[in-house]
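Undergrad: Quick one: sequence plus predicted model below, questions after.
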Amino acid sequence: MPMTVGTGVGADMAAVPERARMLERLGYDSISVGETAHNPFLPLVLVAEHTERMKFGSSVAIAFPRVPHITANIAWDLSKYSGGRFVLGLGTQVKGHNERRFSVPWAPPGPHLRDYINTMRAIWDSWQNGTKPDYEGEFYQYKLTSPFFNPGPIEHPDIPIIISAVNPFNARLAGEVCDGIAIHGFSTFRYIKEVLIPAVHEGARRAGKDLSKVQVRGGGFIVTGRTEEEVAKARERSRRQISFYASTRSYSNVMKLHGWADEAAQLHRLSIDGKWDDMVGLITDDMMEEFCVIGTWDELPAKMREKFAGINTQISFGADPTNPDEEEQIKEIIAELKTIPALGD
């Protein structure tokens, strides 16, 4: 499949219609909304309404706080309304956030997510084909419905599911039971090549799937701007964000691969003490080079080609042009990014 280019649309619902139209005009193939401080699905209704061509989706919605039936229903309605352009992106989040922020019990996230996805697909099969509800998994079940609760068949029932992954189990799961993987930004390009992509391929082979059909999105931090000054500011914002992710023990495999286990442990201790500013200084320039693509708008296509060629099927690039000349420049950058060889090319 050819390389595609995506970006975020933001969660400010008042700004979504105009921004979505602009992003489609610039040539983006896909736009997404993440789940941080706002609900990821509500802005997508506006995206569906105000665009015609682009794919769009959650990047990513946290799965376990919503039971599978709720998520299946949201995805079904968005797919119907958009003419099949919706992509469901799901993530697990870490134990602490599930238990202490979302108030949901924790279980091994990989098997839990597998059951979640299988439950949704059983629900969709029931709605589309009239199949009798008869699914029972380790964590979820779907054994009851009635015509009153069935939204009925739609024109595009095969809703793509992309899951976020940092660790090999979920990467294998993405290849085996999903349509692709959204690689977490906290992944060095070495880690992606040596750990995640092989795991995705292993999962796809287990399921007898065509590897060329598996989507690979995300990975790394894109640090860019119009000028060197803007790039320098963006670099420090990303350095702070990397220090936050590197303090999370669930992501420690990335640090260990590069011999940074001691730094990861120190960052974790500082995070427990709330010393967020102290953490930033532990992220060296060498670490930044491993995690990031860094360059001005003019430099970015060549640098992204160097990092992403043969790895992804979709890459992300965000920009906010402020005048017609900048819009034309962004169009040219996006067009050039689409020429980068995709995974499998």
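TA: Good, I have the coordinates.
Undergrad: Go ahead and confirm Met3 touches Ile340.
TA: Yes: Met3 lies in contact with Ile340 (C-beta atoms under 8 Å); the separation is 4.9 Å. Quick note: C-beta positions are derived from backbone N, CA and C, even for glycine.
Undergrad: just how off-centre is the longest helix along the chain within its chain?
TA: With DSSP state H setting the assignment, residue counts place helix 109-129 as the longest helix in the chain. Distance, stretch centre to chain centre, for helix 109-129: 19 Å (C-alpha atoms, centre = their mean, to the nearest Å).
Undergrad: Equivalent analysis for stretch 195-208, please.
TA: Worked out by C-alpha atoms, centre = their mean, stretch 195-208 lies 18 Å from the chain centre.
Undergrad: What are the contacting residues of that stretch?
TA: With contact meaning C-beta atoms under 8 Å, 6 or more residues apart in numbering, stretch 195-208 is reached by 165, 168-169, 171-177, 181, 183, 187, 210-211, 214, 216, 219, 253, 257, 311, 343.
Undergrad: again, 6 Å this time
TA: For stretch 195-208, contacts defined as C-beta atoms under 6 Å, 6 or more residues apart in numbering pick out 168, 171-172, 174-176, 181, 183, 211, 214.
Undergrad: Now do the longest helix of the chain, average pLDDT.
TA: Helix 109-129 shows a mean pLDDT of 97.
Undergrad: That one: what's the following helix or strand?
TA: Once the chain leaves helix 109-129, the next helix or strand it forms, by DSSP states H and E, is strand 135-136.
Undergrad: and that following strand, which strands flank it?
TA: Strand 135-136 has the following strand partners under DSSP bridges: strand 141-142 (antiparallel).
Undergrad: chain center to the strand it pairs with: distance?
TA: Worked out by C-alpha atoms, centre = their mean, strand 141-142 lies 27 Å from the chain centre.
Undergrad: helices or strands next to whichever helix or strand comes after it in the packing?
TA: Per DSSP H and E, the first helix or strand lying C-terminal to strand 141-142 is strand 161-165. Counting contacts by 3 or more C-beta pairs under 6 Å, 6 or more residues apart in numbering; DSSP states H and E, strand 161-165 packs against strand 86-91, helix 168-177, strand 180-183.
Undergrad: What helices and strands are in contact with the shortest one?
TA: Strand 180-183 is packed against strand 161-165, strand 215-218, with contacts defined by 3+ C-beta pairs under 6 Å, 6+ apart.
Undergrad: tell me the average confidence for the last one?
TA: Translated: strand 215-218. 94.
Undergrad: Return the set of buried residues in it.
TA: The neighbour-count check on strand 215-218 (16 or more other C-beta atoms under 10 Å) flags 215-218 as buried.
Undergrad: Next, format those residues as a markdown table and append distance to Ala204.
TA: Formatted as a markdown table, the buried residues of strand 215-218 follow (distance: C-beta to C-beta, whole Å):
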| residue | distance to Ala204 |
| --- | --- |
| Gln215 | 11 |
| Val216 | 11 |
| Arg217 | 15 |
| Gly218 | 18 |
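Undergrad: Put the buried members of the contacts of stretch 195-208 into a ChimeraX selection.
TA: Per 16+ other C-beta under 10 Å, the buried members of the contacts of stretch 195-208 correspond to this ChimeraX selection:
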select :168,171,172,174,175,176,181,183,214
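Undergrad: Now do Leu44 against Thr313, distance only.
TA: Shown here: Leu44 relative to Thr313, a distance of 21 Å by C-beta to C-beta, to the nearest Å.
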